[in-house]
Each structure stands twice: as structure tokens, then as C-alpha cells.
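Student: What follows is a predicted structure for the sequence shown.
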Amino acid sequence: MLKLHHFFFANVVGLFMATLIVSSIISYYTLKSFVITENQEQLEHSIILMQMQPYHLSDLDRIAANTHAAIQDRVTFISEDGTVLADSDSDKFTMENHANRYEIMQARRDDLGLDTRYSATLHMHYLYVAKKVLVDDHIIYLRLATPLDEIMSNFYTLWSRLVMIFVLSMVIGLIGAYQMSKRVRYDIEQIVKYLDEISNKNYKAVIKTEYFKEFLHIALNLKDLAKKLATRDKQKRKYTAKLRLVNKQRNDILSAISHEFKNPLASIMGYADTLLDDPNINPKVRVRFLEKILSNSRKISYMIDRLALSVKLENNDMSVHPMTFNLVDLIQDVILNLSSKYRDREIHFAGEECIVFADKDMLDNVLTNLVDNALKYSDDDVTISIMDKKLMVIDKGMGISESDIDKVSSKFYRVQKNTWDNSMGLGLAIVGYILKLHDSELIIESKVGEGSLFGFSIKKMIR
């Protein structure tokens, strides 16, 4: 199969060859007709000039000879019956009757006749022009003839020169076509290389066509295509990464649920097996074991509720029900509830009255999670403060490393991974979802060994 530049070059060569052949044929016949017509007109002009001169029948031999010497054409006088009266090149007495010569018959009918044929007398091809004239009250025919061989010789010389010009033009054209073919090939190679780069996902590759607008237009379209493919490939990578993340999160969820549920379930199963194996167990021990089973069941229920809550918040399935209330009153309630859980710990509050418009239950959840975390991961007192339109929970615990600060608000992440506290690492994730619903976000500042600050802006909640 031919390549494009080969096809282009072959077509140009074929076009030049066809043009040369057709032009040569046309020029051959055109020039031939032109040369013959021109000589015919010259003979007709000479006959008219001869006709204008007065002469007699007795002067025909002399006039034929003198005219031939002057114009180099053959001169013949022929009578009405076809007898040759005089001829400049042959003996009139040996010549045949010319009454049936085509040019004589035509001149007899139309006053002027012409013909081209081979002369058996002189053994040459001639162009004949004959005219009816009146001499001494007798109709005779004056005929002039010029050799066609000389005419054709001049024609072939002219035609050969034209052919040489055609050939030279074709050579120049072929050189130009070859150069153009090289340029076409160059632009095509640039496009092919660019397509190879795109197929290898190198969407930043450069394409540079230099010679033809059409290829430049193709190159621009290919660049647009490369941009679209790059965007689509980027989207595909993001989607793939997202799927991997979703799969990882799903695995993390299953792993976390399995891990977090394992301890309370094992405890429930252990106490239940003991009760079943010993029907006569001490009633006090039975009551204690049942209390343990109930406690662990509540822990599992609590974890399920928190997991369901985080899923609803993440999927925006929770509706915010705002109301106006005193944020300090809510803080005092949270302190009271957690003080009963952490009896040997102190929780302090510093700040002024603050009226907010928000979902009270959700903010209760936020405060409970933040204060509970502060108490859980520190041994000293915990402080809650409202300052500069921010609510902050401050502890002096072990702190969080910089590498862990961005992770602590993720689902199922806990700094102390080997400590089971039935939280499943959902507390700060839930806090983040709730704050987002209130146009706020979680603020975390921490230093290892010094403590942590967890807070959020309440600027948009204040009324």
C-alpha cells in the first residue's frame, strides 16, 4: 500500500507526464495546421500579386521561371482543359493532364483551390494552391506549390524546441514535487510521532508541523484531543484512587468493627458460658456476671449507634434542627455528665454567657466527644473556654505528634491503637461532620508531652 507522500509524488509525476504527452500531441497538430495555413496564405498572396501583373499567354514560360527565381516556389500554368501551359520545375510537354487534380477542380468550382499530396513528377510532397485567372480572354489556372518537406522540417524544429521546453518544465516540476513530497513526509512523520507519544500516554509531547496549513489544523485538533485524553486519564486515576480508598475504608470499617466488637462479645460469651455450665452458681456471682453481660451489651449498642450516626452524617442524612439557647448552660450540663464518669478529675470552664442558634443535641455530642477525649488522653485537669468567638477544650496530656494531627479526625483512627475503649475512633469524625453542618470546622493544636487544644469557631452561631 502506497504512503501518502508516495501517492502524492506518483500523482504529480503522472500529471506532468500526461500534460507533456497531451501538450505534445496538441502542439503537434496545432503547429502543423498553423504552419501549413501560414504557407497557404503566403501562396495565396503571391498568386494575387501575380494576377495583378499584366501578361499574355506567350509570356507564361518566362513568367513561371522569373517568379520561381523570385519566390522559390514552383509555378505552373494550366489551361481550362487541364493541359500544362508552363512549369518552372519540369518540362511541360512530359507532364500529365491536370484537369483531374483536386486543386484544379476546386478552383474551377470556387475560384480558389488547394491540396497537399505527393508529386510523382518531382518525387516530393507539395502544398498546392490554384486560382482561376483570365489571360488574353482565356481562363487558365495559376498554381503555386511549395515543398511540404521544407515546411515540415521547419515545423519539426519548432515542435522539438517546444518539447524540450515541456521536458525542462517537467524536470523542474518533478524537482518541485519531490521537495513538496519531502515536506509532506516531514509533517506526516511529526503527526505519527505525536500519535505514538499519545498512545504511550505522554500527553505533554510537542507536535510541530512546518509546511502545510492542513497538517497544522490536524496538529491543533490532536493537541485538543491530547488535552481531553489527559483530563480523562487524570479523572480515571482519581476515580481509581477513590475506588481504592473506598475499598480501603470498607476494609478498615470491617477490621475496626471486628476488632472493637471482639472484646465485648468475648466477655458476653464467657460470662454466659460460665452461667450455663454451672446452674448452681452463687447468686451474687450470677448477678455480677449478668451485670457484666448487660454492660458489654450496652457497649456494643453504643458503638452501633455511633457507627450509624457517623454514616448518616457522612451521607448528609441528618437534618439540622437549630434553636436559640445559652451555650454556657450546655457546657455546664456536659461537665456535670462527664464528672460522674470521671469522678477523680476536674473540668473547668472560663468564659462569658453566649447565646447561639444551632442544633443543641448535635453541639452536645460535639462537646461531649471533645471533653471525653481530653479526659481520656490526659491525667490533669481539662479546661473549656470561650474566647474570640471560639470554643476550646484544652488538656495537658501526652499530646499528638505532627504526623498524627491530620489523621486523628479520620474514622476508626486512634492514637493508642492497642487500647480498647469502645469508641472505635469515631468521636472526632462525628465532630467534624456536625461542625461542617454548622459552617464551622475542627481546630487542632498539639505538642507531644505538653498537651492538646481542640476547638471550633462559633462566630456564625452567635445571636
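Tutor: Yep, it's here.
Student: Which residue ranges of the chain form strands?
Tutor: 74-79, 84-87, 112-119, 124-135, 138-147, 323-326, 347-350, 355-358, 382-387, 390-395, 442-447, 451-457 (DSSP state E).
Student: my read: M50 touches L142, true?
Tutor: Yes. In terms of Cβ atoms under 8 Å, M50 counts as a neighbour of L142; the distance is 6.3 Å. Quick note: C-beta positions are derived from backbone N, CA and C, even for glycine.
Student: on that earlier part again, turn the strands of the chain into TSV, columns for mean pLDDT, mean neighbour count and distance to G270.
Tutor: Listed next are these as TSV, based on pLDDT from 0 to 100; neighbours: other Cβ atoms under 10 Å; distance: least, Cβ to Cβ, whole Å:
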stretch	mean pLDDT	mean neighbour count	distance to G270
strand 74-79	91	23	144
strand 84-87	91	21	151
strand 112-119	84	16	133
strand 124-135	87	20	134
strand 138-147	88	21	137
strand 323-326	93	12	45
strand 347-350	92	14	35
strand 355-358	93	18	44
strand 382-387	92	19	35
strand 390-395	92	22	35
strand 442-447	88	16	38
strand 451-457	91	21	36
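Student: Could you dump those strands into JSON lines with distance to I207 added?
Tutor: Output for those, formatted as JSON lines (distance: least, Cβ to Cβ, whole Å):
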{"stretch": "strand 74-79", "distance to I207": "76"}
{"stretch": "strand 84-87", "distance to I207": "83"}
{"stretch": "strand 112-119", "distance to I207": "66"}
{"stretch": "strand 124-135", "distance to I207": "67"}
{"stretch": "strand 138-147", "distance to I207": "69"}
{"stretch": "strand 323-326", "distance to I207": "63"}
{"stretch": "strand 347-350", "distance to I207": "67"}
{"stretch": "strand 355-358", "distance to I207": "58"}
{"stretch": "strand 382-387", "distance to I207": "60"}
{"stretch": "strand 390-395", "distance to I207": "55"}
{"stretch": "strand 442-447", "distance to I207": "49"}
{"stretch": "strand 451-457", "distance to I207": "51"}
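Student: which stretch among these comes nearest L290?
Tutor: strand 347-350 (32.8 Å; Cβ to Cβ).
Student: And the contacts of that closest one?
Tutor: Strand 347-350 is contacted from outside by 328, 331-332, 335, 338-339, 371, 375, 381-387, using Cβ atoms under 8 Å, 6 or more residues apart in numbering.
Student: So which residues of this structure form helices?
Tutor: For the chain, the helices defined by DSSP state H occupy 4-51, 60-71, 102-110, 148-199, 213-277, 283-314, 327-341, 360-376, 402-405, 427-437.
Student: Ok, which of these comes nearest K396?
Tutor: Of the helices of the chain, nearest to K396 by Cβ to Cβ is helix 360-376, at 9.3 Å.
Student: how many neighbours does G432 have?
Tutor: G432: 20 surrounding residues under other Cβ atoms under 10 Å.
Student: returning to that earlier point: looking at the helices of the chain, which is nearest to K447?
Tutor: With respect to K447, and counting by Cβ to Cβ, the nearest of those is helix 402-405 at 9.0 Å.
Student: For that closest one, what is the distance to the chain centroid?
Tutor: In this view, helix 402-405 has its centroid 45 Å away from the chain centroid, taken as Cα atoms, centre = their mean, to the nearest Å.
Student: Please name every helix or strand in contact with it.
Tutor: Using 3 or more Cβ pairs under 8 Å, 6 or more residues apart in numbering; DSSP states H and E, no helix or strand is in contact with helix 402-405.
Student: Spit out the contact partners of L442.
Tutor: Contacts of L442 (Cβ under 8 Å, 6+ apart): S409, L428, V431, G432, L435, F454, G455, F456.
Student: So which of the residues you listed is the closest to N251?
Tutor: Checking those against N251 by Cβ to Cβ gives S409 as the nearest, at 19.7 Å.
Student: circling back to that earlier point, turn the helices of the chain into TSV, including mean pLDDT and distance to L134.
Tutor: What follows is those, written out as TSV (pLDDT from 0 to 100; distance: least, Cβ to Cβ, whole Å):
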stretch	mean pLDDT	distance to L134
helix 4-51	72	9
helix 60-71	87	14
helix 102-110	90	13
helix 148-199	77	30
helix 213-277	79	75
helix 283-314	78	127
helix 327-341	90	142
helix 360-376	89	136
helix 402-405	74	132
helix 427-437	83	127
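Student: Quick one, which of those helices gets closest to R463.
Tutor: Using Cβ to Cβ, the nearest of those to R463 is helix 327-341, at 10.3 Å.
Student: elements contacting the closest one?
Tutor: strand 347-350, helix 360-376, strand 382-387.
Student: I'd like to know which of those lies nearest to D59.
Tutor: helix 360-376 (142.1 Å).
Student: Need the helices of the chain in CSV (columns: distance to H138).
Tutor: Below are the helices of the chain laid out as CSV (distance: least, Cβ to Cβ, whole Å):
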stretch, distance to H138
helix 4-51, 14
helix 60-71, 11
helix 102-110, 14
helix 148-199, 31
helix 213-277, 79
helix 283-314, 131
helix 327-341, 148
helix 360-376, 141
helix 402-405, 136
helix 427-437, 132
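Student: Ok, which of the ones you listed comes nearest D395?
Tutor: helix 360-376 (3.9 Å).
Student: contacting residues around the closest one?
Tutor: So helix 360-376 is contacted by 309, 318, 320-321, 323, 325, 327, 330-331, 333-335, 337-338, 341-342, 345, 347, 356, 382, 384, 391, 393-395, 397, 421, 427-428, 430-431, 434-435, 437-438, 452, 454-456 (Cβ under 8 Å, 6+ apart).
Student: Buried residues, that helix. List them.
Tutor: Buried residues in helix 360-376, counted by 16 or more other Cβ atoms under 10 Å: 360, 362-376.
Student: Quick check: H438 touching F357?
Tutor: No. Here H438 does not reach F357: they are 9.7 Å apart, not a contact under Cβ under 8 Å.
Student: Quickly list what's touching both of those two.
Tutor: What both H438 and F357 touch, as defined by Cβ under 8 Å, 6+ apart, is the set M461.
Student: for the helices of the chain, which one sits closest to V448?
Tutor: Using Cβ to Cβ, the nearest of the helices of the chain to V448 is helix 402-405, at 8.5 Å.
Student: Using PDB, write out every CA atom in the closest one.
Tutor: Taking C-alpha atoms only, helix 402-405 is exported to PDB below (Å, rounded to 0.1, in the frame of the first residue of the first chain):
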ATOM      1  CA  GLU A 402       2.500  16.400  63.800                       C
ATOM      2  CA  SER A 403       2.200  13.300  61.700                       C
ATOM      3  CA  ASP A 404      -0.900  12.200  63.600                       C
ATOM      4  CA  ILE A 405      -2.700  15.600  63.700                       C
END
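Student: Break the protein into its domains for me.
Tutor: As given by automatic domain parsing, the domain ranges for the chain are 6-155, 212-317, 321-457.
Student: Max pairwise distance over the contacts of strand 347-350: which two?
Tutor: It's S339 and M387 that sit farthest apart of those, by Cβ to Cβ, at 22.6 Å.
Student: re the thing from before, can you add distance to Y194 and give the domains of the chain back as TSV?
Tutor: Shown next, in TSV, are the domains of the chain (distance: least, Cβ to Cβ, whole Å):
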stretch	distance to Y194
domain 6-155	21
domain 212-317	6
domain 321-457	42
